[in-house]
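*Asks:* Build me a model:
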Amino acid sequence: MLSSVACGVDLRKVTGTLFLSLSLIQALGQTGPEPQHTLEKPSPEAPYTLRVTTREVVIELAARNRENQPVTDLKETDLEIFEIPKHSQKLLRKITSFHIVDPSVEEAHPDTLSGGFQIKLGGGCAIATTFHYRLAFQPSSEGWKSGYHEIVVATTRQHVTLSYRHRYYVGEIDLPAKPRIHKGSFDDIALQRAACYHSETPPSIALNARLIQTAPTDPLRYSLIIQPDSLAFASLSDQAHRVQLDYGACTFDAQGKALSYLHNSAERILTPEEDAHIRAVGFANLIDLPRANNPALVRFVVRDRETGNLGSIDVVTTLATPVELTKAQRESPKHSEPTPTKNSDINPVDDNVSYFGSIIPKPNSMCGDVYELPEGTRMLPSSFWEMDAVGAVYTDSLNQPYQFVAKGLPGVTSRPEWFAIDYHGVFWIKTPGEYRFLLTADDGAKLYIDDRLLIDEDGVHSPLRGGHSIQLAAGRHTIHVPYFQETVHVALFLQIKPPNEELFKVFDVRDFPLLPSQ
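*Replies:* Alright, predicted model coming up:
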């Protein structure tokens, strides 16, 4: 019997029944779909590793000077990478590749040329807009064992600060002495939470997935493949060639709200021929999902029952429909010098709609990496690059009214408090001149334009409004807004007044698009 669970904010609440059809296919002669760029969901304690392939670790690294401006002229000889073994001195490792990534002149995508095993975690929003370096090294045999591994990157250049993830994770490679015990029911909160929010452990099974075109009256059909180099993390190496996998799928609407959770399992003994073929092209499945509620995105999670290793991938079904702001929302009365505001100056709203953004990717939008913070956090983290994102949200504007919140960010975290969003975006100026920005936030937030700090409202406080003007030349500019929420109330509202205009309006990247000539 195949079953599913209607999925709202409370994952334990069952409100309906849907149908999931899963079938194992041999796919002889099939090479599999092209890899899809996805946003994976690690835990906040997880390390950051862009990928591990052919026993190679790749690290994204940002460098800043004393003025917090990007350092763009580092060379490979300026950097050193060390492993930090648990029971011995640090080991110097050779840098096997060195690459400068400048998003202003190229698209900053992770290296996907290799077919090796990959660990993809959050932080993609910052990577896509921030000048940085991509380094790779080959770990020692100790650094390829299951578990967490510490690394240190140092520079011989003075007055340069490096920001990067200090740990990476390798899933269980050797089968445990005793099989792991999982619940016999699919009411497994860990698997469901991984599908509808994010995984509590870093994913170590690399997946490919794509939507297969079918008739409008047929179920949604997906091809889901465990990549060949991840089979060591899916316990397909025992003598019995046994497959024991749990599958979870969470569907989301165009606003990123969870619609339903579906689940099934695959248990099978493979023939030697099937085993050999799977090791060449990967372990393939066809998964049918009902078209109920027209999901815009599906997150698939695969868990190996013996090792507990996970894989996760997001597949977009339809493009998100932009939420257009009304004229009243986009424009506000003319302001003089901004002053701090009281709670009564901002109109609270009663609905639970989140204006922070949606998990549905939107081209040319602002992208915000989401982080879960330790309880008691009083300031913005000094560097998000040294933390792990649990997901990302996309939005055209920052238009979160002041309101009480009792729910988290749909599809990312169930926390209504102690979270942060690090927004990054690009906008283009057609008319040069003086632009004035207003930022209202509860709690801490900052505004950077072209890596220059314009407004600083850090700390825990009621809604504050601050403003600053800046001269902007015609052309490409970057915007960076880090924000964190402590408890109870939220607010994040960014406005702009272009030159020769009297009214402030909500800052919306769609008002500053890339010009055709550019």
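*Asks:* alpha carbons only for contacts and neighbour counts from here, please
*Replies:* Fine.
*Asks:* Give the helix, strand or coil label for A128.
*Replies:* Secondary structure state of A128, per DSSP: H, G, I helix; E, B strand; the rest coil, is helix.
*Asks:* what about it, neighbour count?
*Replies:* Residues contacting A128 under the criterion other Cα atoms under 10 Å number 22.
*Asks:* repeat for G147
*Replies:* Neighbour count for G147, taken as other Cα under 10 Å: 12.
*Asks:* My guess is it contacts I173. True?
*Replies:* No: if you go by Cα atoms under 8 Å, G147 and I173 don't touch, sitting 9.5 Å apart.
*Asks:* quick one: the spatially most central residue of the chain and S140, what's the gap?
*Replies:* Of all residues in the chain, the one closest to the mean position by Cα atoms, centre = their mean is G391, 3.2 Å from it. Separation of G391 from S140 (Cα to Cα, to the nearest Å): 30 Å.
*Asks:* follow-up on the earlier one: the residue nearest to the centre of the chain is in contact with V370, isn't it?
*Replies:* Yes: at 5.4 Å, G391 counts as touching V370 under the criterion of Cα under 8 Å.
*Asks:* Need the residues touching each of these two.
*Replies:* V412 (Cα atoms under 8 Å, 6 or more residues apart in numbering).
*Asks:* just the strands in the stretch 251-400 of the chain please.
*Replies:* 258-269, 283-289, 297-304, 310-316, 331-332, 366-372, 391-395, 399-404 (DSSP state E, counting those that start in this stretch).
*Asks:* of all these, which lies closest to A126?
*Replies:* Counting by Cα to Cα, A126 lies closest to strand 366-372 out of the strands of the stretch 251-400 of the chain; the figure is 7.3 Å.
*Asks:* Would you pull up how far the closest one lies from the middle of the chain?
*Replies:* Relative to its parent chain, strand 366-372 has a centroid offset of 7 Å by Cα atoms, centre = their mean, to the nearest Å.
*Asks:* Assign P139 to helix, strand or coil.
*Replies:* When classified by three-state DSSP, P139 comes out as coil.
*Asks:* residue contacts, it?
*Replies:* By Cα under 8 Å, 6+ apart, the residues touching P139 are R55, E56, V57, E83, R93.
*Asks:* Next: D246.
*Replies:* H263, N264, S265, A266, V302, R303, D304, R305.
*Asks:* just I95 next, same as before
*Replies:* So I95 contacts E76, E80, I81, L135, A136, F137, Q138 (Cα under 8 Å, 6+ apart).
*Asks:* Show me which of these are buried.
*Replies:* I81, L135, A136, F137, Q138 (16 or more other Cα atoms under 10 Å).
*Asks:* tell me the contacts of the fourth one?
*Replies:* Which is F137. Going by Cα under 8 Å, 6+ apart, F137 touches E56, V57, V58, I81, R93, K94, I95, T96, S97.
*Asks:* re the thing from before, just name the closest of the buried ones among the contacts of I95 to H489, please.
*Replies:* For the buried ones among the contacts of I95, the nearest to H489 is L135 (40.7 Å; Cα to Cα).
*Asks:* Surely the closest one is in a helix?
*Replies:* No: under the criterion used here (three-state DSSP), L135 is strand, not part of a helix.
*Asks:* pLDDT score for it?
*Replies:* On pLDDT, L135 comes in at 90.
*Asks:* what's near enough to touch it?
*Replies:* V58, I59, E60, L61, I95, T96, S97, F98, H99.
*Asks:* Need the residues you listed in JSON lines (columns: secondary structure, distance to R291 and pLDDT).
*Replies:* Listed next are those as JSON lines, based on DSSP: H, G, I helix; E, B strand; the rest coil; distance: Cα to Cα, whole Å; pLDDT from 0 to 100:
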{"residue": "V58", "secondary structure": "strand", "distance to R291": "39", "pLDDT": "86"}
{"residue": "I59", "secondary structure": "strand", "distance to R291": "39", "pLDDT": "89"}
{"residue": "E60", "secondary structure": "strand", "distance to R291": "39", "pLDDT": "90"}
{"residue": "L61", "secondary structure": "strand", "distance to R291": "42", "pLDDT": "92"}
{"residue": "I95", "secondary structure": "strand", "distance to R291": "48", "pLDDT": "94"}
{"residue": "T96", "secondary structure": "strand", "distance to R291": "47", "pLDDT": "91"}
{"residue": "S97", "secondary structure": "strand", "distance to R291": "45", "pLDDT": "90"}
{"residue": "F98", "secondary structure": "strand", "distance to R291": "45", "pLDDT": "94"}
{"residue": "H99", "secondary structure": "strand", "distance to R291": "43", "pLDDT": "92"}
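*Asks:* quick one: which of those residues is nearest V281?
*Replies:* Using Cα to Cα, the contacts of L135 come closest to V281 at V58, 24.1 Å.
*Asks:* In space, what's closest to that closest one - neighbours in sequence excluded?
*Replies:* The shortest distance from V58 to any non-neighbouring residue, by Cα to Cα, 6 or more residues apart in numbering, is to A136 (4.2 Å).
*Asks:* my read: the one you found touches V57, true?
*Replies:* Yes: here A136 reaches V57: they are 5.4 Å apart, a contact under Cα under 8 Å.
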